[in-house]
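Trainee: coords please:
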Amino acid sequence: VLSKTVSFIEAMGPAKTMNALGLTMSAAYITMCKVAFQFFECRAHPSAPATLVAYPDITCTGDDRTQIMWAGVTAVIMYPIAVLALMSFLVLIAPTQFSNSNDFRLATSFLLTRWQPTMWYF
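Mentor: Numbers count the residues shown, from 1 in each chain. I've put the predicted structure just below:
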């Protein structure tokens with residue numbers, strides 16, 4: 001709406017939106033992985049059964065955890081595995097797509113513009 005009223009503000013197209021989403025997803029990747037794996041982190045206790053680190057009232061071998069195990073497995077598949085597979089796929093096809101599609105270059109610039117061959121030591 002603002003871009004229609006003010007002439008110098010450019011509307012955000014699909015390629016820029018994908019770039020913004022990709023940058024946000026890559027910035028939050030470590031946190032999402034940590035949350036996804038919390039369901040599998042157990043802490044041993046000297047005189048009690050092991051409990052989940054994030055949820056101390058749930059035992060690692062209890063029925064509460066086994067009933068919702070599918071949620072933990074789904075979270076691991078969706079976040080760490082699927083996001084990494086998507087980013088890897090985009091990096092693999094980038095050499096052929098960069099020269100062919102300006103939209104692809106703009107949509108995936110969050111992956112490659114930070115890395116410069118002259119700055120190999122960082």
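Trainee: and the longest helix along the chain, which residues are buried?
Mentor: Ranked by residue count, the top helix of the chain under DSSP state H comes out as helix 82-97. Going by neighbour count (16 or more other Cβ atoms under 10 Å), the buried part of helix 82-97 is 83, 87, 90. Quick note: C-beta positions are derived from backbone N, CA and C, even for glycine.
Trainee: What segments of this structure are helices?
Mentor: Assigned by DSSP H, the chain shows helices spanning 2-5, 14-27, 29-37, 63-67, 69-76, 82-97, 102-107, 109-112.
Trainee: Select from these the stretch with the lowest mean pLDDT.
Mentor: With a mean of 60, helix 2-5 has the lowest mean pLDDT of the helices of the chain.
Trainee: Throw the helices of the chain into JSON lines and include distance to residue 56, thanks.
Mentor: Shown next, in JSON lines, are the helices of the chain (distance: least, Cβ to Cβ, whole Å):
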{"stretch": "helix 2-5", "distance to residue 56": "48"}
{"stretch": "helix 14-27", "distance to residue 56": "30"}
{"stretch": "helix 29-37", "distance to residue 56": "17"}
{"stretch": "helix 63-67", "distance to residue 56": "12"}
{"stretch": "helix 69-76", "distance to residue 56": "17"}
{"stretch": "helix 82-97", "distance to residue 56": "29"}
{"stretch": "helix 102-107", "distance to residue 56": "43"}
{"stretch": "helix 109-112", "distance to residue 56": "38"}
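Trainee: what about the closest residue in space to residue 76 that isn't next to it in sequence, neighbour count?
Mentor: Nearest in space to residue 76, with sequence neighbours left out and distances taken as Cβ to Cβ, 6 or more residues apart in numbering, is residue 36 at 5.0 Å. Neighbour count for residue 36, taken as other Cβ atoms under 10 Å: 20.
Trainee: Would you check how far apart residue 36 and residue 44 are?
Mentor: 22 Å (Cβ to Cβ, to the nearest Å).
Trainee: Compare the helices of the chain and give me the one nearest residue 52.
Mentor: Closest of those to residue 52 is helix 63-67, at 7.0 Å (criterion: Cβ to Cβ).
Trainee: Which of the residues in that closest one are classified as buried?
Mentor: residue 65.
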